[in-house]
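Novice: Predicted structure and sequence below. I'll ask about it afterward.
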Amino acid sequence: MSLYIVVAHLRKITKKKTKKIDYTERSDIEKILSNWKKVYGLYSRKEWSSVILRASTSVELAANFVIRKELEENRKLDSDFVNHLLRWANGIQGKFDKLLLPIFKGDDFSKDLKKLKKKVQDINIERNTIAHSGQFKKESTANRIVLECQSVINTLIGKYDSDLDLENIFGKLNTKLKKDKK
């Protein structure tokens with residue numbers, strides 16, 4: 001069992017407040033978990049547009065995690081250079097198209113990434129209509145995007161940590177849509 005699941009379960013079981021780590025000092029995984037926890041709170045308050053923004057932020061953080069893992073740890077590139085690439089790629093779609101797909105071209109993981117492409121596009125479109133056009137979203141859209149985000153995050157993170165599964169850590173959101181198969 002991964003450290004992330006253990007920590008999440010301990011916090012849930014004890015319900016003790018632990019000293020919060022400043023957001024900027026958190027790892028990508030810790031940022032994903034805190035944003036996904038926020039998704040649950042927003043969902044329970046029926047703040048559909050905010051749910052989509054937080055869920056899509058979690059997807060981008062998952063992309064950052066995978067890119068950093070692969071480029072810094074496996075390919076031994078300098079972290080400043082990797083951070084430059086992450087800023088250059090700018091956004092979910094950019095990180096997916098400009099970094100993830102080229103990095104894993106020819107790798108078995110590229111097949112998984114190609115399966116996610118339509119979901120990533122849908123997530124990005126819905127996120128951008130909120131962030132750049134100020135649109136408000138309905139519950140059905142939030143349900144669809146949350147399920148897509150969860151699938152993308154679990155697939156991305158699963159490359160490096162098969163124990164991290166958002167549904168296992170936080171439980172299932174009460175969405176009316178059935179979760180699709182990966």
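Specialist: Sure thing, it's come through. Numbers count the residues shown, from 1 in each chain.

Novice: What ranges does this protein have for its helices?
Specialist: Taking DSSP state H as the criterion, the chain contains helices spanning 3-14, 28-44, 48-68, 79-89, 92-94, 101-103, 109-131, 139-158, 166-170.

Novice: I'd like to know which of these has the weakest mean confidence.
Specialist: Mean pLDDT per stretch puts helix 3-14 lowest among the helices of the chain, at a mean of 51.

Novice: Quick one: residues contacting the spatially most central residue of the chain.
Specialist: The chain has Val59 as the residue nearest its centroid, 2.6 Å off, counting by CA atoms, centre = their mean. With contact set as CB atoms under 8 Å, 6 or more residues apart in numbering, Val59 has these partners: Ile92, Val120, Ile123, Cys149, Val152, Ile153, Leu156. For glycine as for every other residue, the C-beta is placed from the backbone atoms N, C-alpha and C.

Novice: need those in TSV with neighbour count, can you?
Specialist: TSV is the format used below for the contacts of Val59 (neighbours: other CB atoms under 10 Å):
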residue	neighbour count
Ile92	23
Val120	24
Ile123	27
Cys149	30
Val152	28
Ile153	24
Leu156	27
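
Novice: closest to Glu47 among those residues?
Specialist: Closest to Glu47 out of those is Cys149 (15.5 Å), distances taken as CB to CB.

Novice: and the residue nearest to the closest one when sequence neighbours are not counted, how far is that from Trp48?
Specialist: Spatial nearest neighbour of Cys149, chain neighbours left out: Ala55 (4.0 Å); criterion: CB to CB, 6 or more residues apart in numbering. In this view, Ala55 and Trp48 are 11 Å apart by CB to CB, to the nearest Å.

Novice: who has more neighbours, the two?
Specialist: Neighbour totals were compared for Ala55 and Trp48, and Ala55 leads with 29 against 21 (other CB atoms under 10 Å).

Novice: Run a quick check on that one versus Val152, I expect a contact.
Specialist: No - Ala55 is beyond contact range of Val152, at 9.5 Å (criterion: CB atoms under 8 Å).
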